[in-house]
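Chemist: Got a predicted model here, sequence first, then my questions.
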Amino acid sequence: MTENPDQATLRKASLKIAVRISAACAILVLCLLAAAAIYLFNQAQHPTLPGPGETDSVYAYLDTKDLLKAMIVAGIAGILLAGAIGWLSARSAIRPLGEALALQRRFVQDASHELRTPLAILDARVQLAQRDAPADSRTGEALARIRNDTATLTGIVNELLVAATGSPPDAAAEPSDLAKLAGAVVESLQQLAAEKNVRVTLTEKDRPFALIDSNGFRRALLALADNALAHTPAGGHVGITTAVLGNRAVVTVSDSGAGIKGVDQTRIFDRFVRTHSPEGAPGQRSFGIGLALVREIITGARGTVEVERSGPRGTIMKITLPLAPKDTVPNETAPGSA
């Protein structure tokens, strides 16, 4: 049975706390042993002998080495006992956090399952409407876009379910044309970009293929591009670039916004991390669960996603993925070809 990732994380945290408590106790015990040893050796060098008038007094003589051995054994036992107490205390303190995480996962699982049915019904109704509308008509094209958006939303729900259950990613992914998927993302954002007076462009330096689920990569790239669009002022530019660097596929998303502010750049892919909107923009912008799912998708395909650069001149997000083996890619579209 697969171990719950939350349990593994909490166990590591408990162990870390227990080790710290044991280390602190060990330092304290060592200091006490050193002080006691110094005192004993000082007394051994200057012994106090009974005087001639103290014949009725009782004196006990102890071997210094035996006493030190006993102190060391007692110190080790104290350290082990402190570690055990620290371990039990840490587990007891962290247990409420584990229960909260389990409750959160159950909520996400239940919500994902409940959303699947209405999305499937919506997709079926769109298909019925498409039968009565020519594919090349404006209505047919609008219905096709709605169906694509519905498929994207269904994929997001599935990603939420995977993130909540901790299920391993599908290892049998087919090679995906990252440039083609990037082009689909650019096309999807054109209407939103036009409303904001922002240009969205694609630059194909290379046409890389990677072993990643195409729908998953499209959702990840769309989340990054949508985030860039939200941070780009009117008259600005969002650019997506595909390239090959060594044996890695590289896809970057750049914008001409004001850069990431109000949050540590290394934490924007953590769940529910929030940052304020640019000046003049209403509400608050959340990097939150969207970028957390981006990381889930990319790392599941043995890739990385990071902030390459961010500042007053804009932000660049970079995705890197292992290239698909050449024998799995059509010759006319091999990685690195234009």
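Modeler: Perfect, thanks for sending it.
Chemist: Below-threshold pLDDT in the stretch 51-200 of the chain: ranges please.
Modeler: 51-64, 159, 162-173 (pLDDT under 70).
Chemist: That should have said the stretch 201-338 of the chain, apologies.
Modeler: Within the stretch 201-338 of the chain, the set of residues satisfying pLDDT under 70 comprises 262-264, 271-289, 330-338.
Chemist: let's go with 90 and repeat that
Modeler: Applying pLDDT under 90 to the stretch 201-338 of the chain flags the ranges 213-216, 218-220, 223, 227, 230-231, 257-297, 299-301, 309-313, 325-338.
Chemist: now the strands for it?
Modeler: 209-211, 237-245, 248-255, 274-276, 284-286, 304-311, 314-322 (DSSP state E, counting those that start in this stretch).
Chemist: Please render those strands as JSON lines that adds distance to residue 32 to the earlier fields.
Modeler: All C-beta atoms are positioned from the backbone trio N, CA, C, and that covers glycine. Below are the strands of the stretch 201-338 of the chain laid out as JSON lines (distance: least, Cβ to Cβ, whole Å):
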{"stretch": "strand 209-211", "distance to residue 32": "59"}
{"stretch": "strand 237-245", "distance to residue 32": "57"}
{"stretch": "strand 248-255", "distance to residue 32": "55"}
{"stretch": "strand 274-276", "distance to residue 32": "48"}
{"stretch": "strand 284-286", "distance to residue 32": "52"}
{"stretch": "strand 304-311", "distance to residue 32": "48"}
{"stretch": "strand 314-322", "distance to residue 32": "53"}
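Chemist: Between those strands, which one is closest to residue 268.
Modeler: Of all the strands of the stretch 201-338 of the chain, strand 304-311 sits nearest to residue 268, with 6.8 Å by Cβ to Cβ.
Chemist: the inter-axis angle of the closest one versus strand 248-255?
Modeler: 40 degrees (axes from the mean of the first three to the mean of the last three Cα atoms, to 10 degrees).
Chemist: And strand 304-311, what does it pack against?
Modeler: Contact here means 3 or more Cβ pairs under 8 Å, 6 or more residues apart in numbering; DSSP states H and E; on that basis strand 304-311 packs against helix 288-300, strand 314-322.
Chemist: what angle separates the first one from strand 314-322?
Modeler: Relative orientation of helix 288-300 versus strand 314-322 (the same axes, to 10 degrees): 30 degrees.
Chemist: buried stuff in helix 288-300?
Modeler: Under the neighbour-count criterion of 16 or more other Cβ atoms under 10 Å, helix 288-300 has 289-298, 300 buried.
Chemist: OK, contacts around the most centrally placed residue in the chain?
Modeler: Central residue of the chain (Cα atoms, centre = their mean): residue 270, 5.3 Å from the mean position. With contact taken as Cβ atoms under 8 Å, 6 or more residues apart in numbering, residue 270 is in contact with residue 292.
Chemist: quick revisit: so which of the buried residues of helix 288-300 comes closest to residue 249?
Modeler: Closest to residue 249, out of all of the buried residues of helix 288-300 and judged by Cβ to Cβ, is residue 298, at 11.1 Å.
Chemist: partner residues bridging the residue nearest to that closest one when sequence neighbours are not counted?
Modeler: Of all residues not flanking residue 298 in the chain, residue 305 sits nearest, at 4.5 Å (Cβ to Cβ, 6 or more residues apart in numbering). When bridges are called by DSSP bridges, residue 305 pairs up with residue 319.
Chemist: try the one 4 residues further on
Modeler: Applying DSSP bridges to residue 309 yields these beta-bridge partners: residue 316.
Chemist: So which elements touch the helix or strand containing residue 105?
Modeler: Element membership of residue 105, judged by DSSP states H and E, is helix 64-131. The helices and strands touching helix 64-131, judged by 3+ Cβ pairs under 8 Å, 6+ apart, are helix 5-45, helix 138-165.
Chemist: which of those is buried the deepest?
Modeler: helix 138-165 (a mean of 16; mean count of other Cβ atoms under 10 Å).
Chemist: I'd like the next helix or strand past that one.
Modeler: Assignment by DSSP H and E places the next element after helix 138-165 at strand 175-177.
Chemist: Check which residues of whatever helix or strand comes next after that following strand are buried.
Modeler: Where DSSP H and E defines the elements, the next helix or strand beyond strand 175-177 is helix 178-196. Across helix 178-196, burial judged by 16+ other Cβ under 10 Å covers 178-179, 181-182, 184-186, 188-189, 193, 196.
Chemist: got it, and stretch 256-265?
Modeler: 256-261.
Chemist: Nearest to residue 123 among those?
Modeler: Here the nearest of the buried residues of stretch 256-265 to residue 123, counting by Cβ to Cβ, is residue 257; it sits at 34.5 Å.
Chemist: No further queries at this time; thank you.
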